[in-house]
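Novice: Need a 3D model of the following:
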Amino acid sequence: MTWTLIAVLILVGLLFIVLEILVIPGQGVFGILGLLVMAIGIYQTYKVYDNTAGHIVLASSFALSVIALVLSLHSKTWRKMMLSSKIKSKVNTIDEHNIKTGDVGKTISRLAPSGKALINNEYYEVHSNGEFIDHSENIVVIDIEFSKIIVKSKN
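Specialist: Below you'll find the predicted structure:
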């Protein structure tokens, strides 16, 4: 096995580990594969060359791994990759003058347990207390919690 092939194995293993940490977290497949490929490169160095070369490759692989992780976790790296736009939308706000407890409306979609309803000639996202309410059924508002309208079937 040549030095070029050993270097490629170690660099590909390091790339897989960095990908596992930064891009594809959660599964562990690329991290394990990266460790395995790096271990094969280091093992081949010990096997083909002598112990001194193996120790040098092991120490340089460790140092290269630490440097790669520090550089990839550096804040300027994240600023280049992160989304910089700001969210300007708001949560569904409810005007308490337009809708009150006891108002009657009609479902526009099936409430399973949430959906759309027409109340006082305006469309709202509404929620039931766990029950399923079919399309085009009459409903009544039983509670308004912040931006959440709780309804029940009028039947």
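Novice: alpha carbons only for contacts and neighbour counts from here, please
Specialist: OK.
Novice: Mark out where each domain of this protein begins and ends.
Specialist: Listed domain ranges for the chain are 3-81, 104-153 (source: automatic domain parsing).
Novice: His97 is nearest to which of these?
Specialist: Closest of the domains of the chain to His97 is domain 104-153, at 10.8 Å (criterion: C-alpha to C-alpha).
Novice: Do me a favour and average the pLDDT over the closest one.
Specialist: Here domain 104-153 scores 91 as its mean pLDDT.
Novice: How far away from the center of its chain is that domain?
Specialist: From the chain centre to the centre of domain 104-153 is a distance of 30 Å (C-alpha atoms, centre = their mean, to the nearest Å).
Novice: go on, stretch 60-73?
Specialist: For stretch 60-73, the distance to the chain centre is 25 Å (C-alpha atoms, centre = their mean).
Novice: With stretch 11-29 instead?
Specialist: 16 Å.
Novice: Pull that stretch out as PDB, backbone CA atoms only.
Specialist: Coordinates of each C-alpha in stretch 11-29 appear next as PDB, following Å, rounded to 0.1, in the frame of the first residue of the first chain:
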ATOM      1  CA  LEU A  11      -8.600  12.200   4.400                       C
ATOM      2  CA  VAL A  12     -11.800  10.500   3.200                       C
ATOM      3  CA  GLY A  13     -12.400   9.100   6.700                       C
ATOM      4  CA  LEU A  14     -11.900  12.600   8.200                       C
ATOM      5  CA  LEU A  15     -14.300  14.100   5.600                       C
ATOM      6  CA  PHE A  16     -16.900  11.500   6.500                       C
ATOM      7  CA  ILE A  17     -16.600  12.400  10.200                       C
ATOM      8  CA  VAL A  18     -16.900  16.100   9.600                       C
ATOM      9  CA  LEU A  19     -19.900  15.400   7.400                       C
ATOM     10  CA  GLU A  20     -21.500  13.400  10.200                       C
ATOM     11  CA  ILE A  21     -21.000  16.100  12.700                       C
ATOM     12  CA  LEU A  22     -22.000  19.100  10.500                       C
ATOM     13  CA  VAL A  23     -24.300  18.000   7.700                       C
ATOM     14  CA  ILE A  24     -25.900  14.600   8.400                       C
ATOM     15  CA  PRO A  25     -26.200  14.300  12.200                       C
ATOM     16  CA  GLY A  26     -28.300  11.700  14.000                       C
ATOM     17  CA  GLN A  27     -27.700   8.400  12.100                       C
ATOM     18  CA  GLY A  28     -24.000   7.700  12.900                       C
ATOM     19  CA  VAL A  29     -23.400   5.800   9.600                       C
END
